[in-house]
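1. This is the structure alone, sequence omitted:
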């Protein structure tokens, strides 16, 4: 038995090697088979998941860059770009553009009208323009700027431009309308209010009596702070404001209406109507402040007649959504008292505005 057990320790006569030799694995039938090496795990899968991870990282970087681009577009607001919206179908080679003057007229409104007129000027398919006015007026400067831009467009482009009044087109709203060749108003429109208004706040009692603040003003001449929000105005100061501010702005308004309604109203007619009063559409037609009562379709037909075209596509311009404008609106809606606000409250505002609005 010992001899048989120690046979495995003897040298292999063929190989000449000494020592124990590896044994072949035995099958269940007792027959030895080839040795099975264990498989290396995950080599192919590691390559596959590496590729997937790399693609995922690249896709996330691309999405991040796209997000930055979208945010940048909304943040800038594309201020110089206007979108065109079709409101009446027709051939695109003959267009009528609607320019909107809506809400209080101030600096931004004047810039908006300028951009709209620029878009209509650059589109050679535009054959005529409708200035849609729904405004109680606003600052004299912005009203005059809009008037100038409309007049300039008429002179340089030689295309029909008519005003179409909706709702309220009073004071500065009427001022801008008379720059047009014709004026059409809806039956319920309120217009007129030819005149100037100014106001400012006197905070003397609030500062001195309520807060115990005594303003000290040092000036080089007696009229340097006329009028002052730190005291009640004297009759001389009121007359000074009337002569220096109200009368020049009023005379400008009268001249603009007379020029715009030339041949229909005399200068005396305009001065008679320029008492600040408002007019309904029919009364305004009777007084020759407007040319026709009608709706948008009548305004479109009038432009087509003046332009000598039978059919037209009617478009209006819109500014794309701007994240900056939204944030600015939210910011401006908050009550904020600073030096600029105090200046605006204490400085007379000279307006072509129907103050009952």
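-> Sure, I can see it. Every value quoted in this text rests on a predicted model; they were computed, and no experiment measured them.

2. all contacts plus neighbour counts: C-alpha atoms, from now on.
-> Noted.

3. Quick check: buried residues in stretch 108-121?
-> Neighbour counts over stretch 108-121 (16 or more other Cα atoms under 10 Å) mark 109-110, 112-117, 119-121 as buried.

4. Flag the shaky bits of the stretch 1-150 of the chain, pLDDT-wise.
-> For the stretch 1-150 of the chain, applying pLDDT under 70 flags the ranges 1-43, 68-80.

5. those helices in it, which residues are they?
-> Along the stretch 1-150 of the chain, the stretches classed as helices by DSSP state H, counting those that start in this stretch are 2-5, 43-76, 107-122, 140-157.

6. same deal with the stretch 201-350 of the chain?
-> Under DSSP H, counting those that start in this stretch, the stretch 201-350 of the chain gives helices at 204-205, 235-241, 247-260, 267-273, 281-286, 296-307, 323-332, 339-346.

7. Report the spatially closest residue to the residue nearest to the spatial centre of the chain, excluding sequence-adjacent ones.
-> Nearest to the geometric centre of the chain sits residue 319, at 5.0 Å (Cα atoms, centre = their mean). Closest residue in space to residue 319, ignoring its immediate chain neighbours: residue 82 at 4.9 Å, by Cα to Cα, 6 or more residues apart in numbering.

8. if we can go back for a sec, out of the helices of the stretch 201-350 of the chain, nearest to residue 313?
-> With Cα to Cα as the criterion, residue 313 lies closest to helix 296-307 of these, at 9.9 Å.

9. and for the closest one, what are the contacting residues?
-> For helix 296-307, the external contacting residues (Cα atoms under 8 Å, 6 or more residues apart in numbering) are 96, 127-130, 159-162, 164, 184, 310-312.

10. Next: stretch 190-201.
-> Identification of contacts with stretch 190-201 by Cα under 8 Å, 6+ apart yields 167-171, 173-175, 229, 246, 249-250, 253-254, 273-281, 284, 289, 345-355.

11. cool, and stretch 226-236?
-> Contacts with stretch 226-236, where a contact means Cα under 8 Å, 6+ apart, come from 200-204, 215, 237-238, 241, 346-348.

12. quick one: buried residues of it?
-> By neighbour count with 16+ other Cα under 10 Å, stretch 226-236 contains the buried residues 226-230.

13. still on that earlier bit, which stretch in the helices of the stretch 201-350 of the chain is the model least sure about?
-> The minimum mean pLDDT among the helices of the stretch 201-350 of the chain belongs to helix 323-332 (a mean of 51).

14. Mind putting the contacts of stretch 226-236 into JSON lines with distance to residue 152?
-> As requested, the contacts of stretch 226-236 are exported to JSON lines (distance: Cα to Cα, whole Å):
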{"residue": "200", "distance to residue 152": "34"}
{"residue": "201", "distance to residue 152": "37"}
{"residue": "202", "distance to residue 152": "41"}
{"residue": "203", "distance to residue 152": "43"}
{"residue": "204", "distance to residue 152": "46"}
{"residue": "215", "distance to residue 152": "47"}
{"residue": "237", "distance to residue 152": "38"}
{"residue": "238", "distance to residue 152": "36"}
{"residue": "241", "distance to residue 152": "32"}
{"residue": "346", "distance to residue 152": "35"}
{"residue": "347", "distance to residue 152": "32"}
{"residue": "348", "distance to residue 152": "30"}
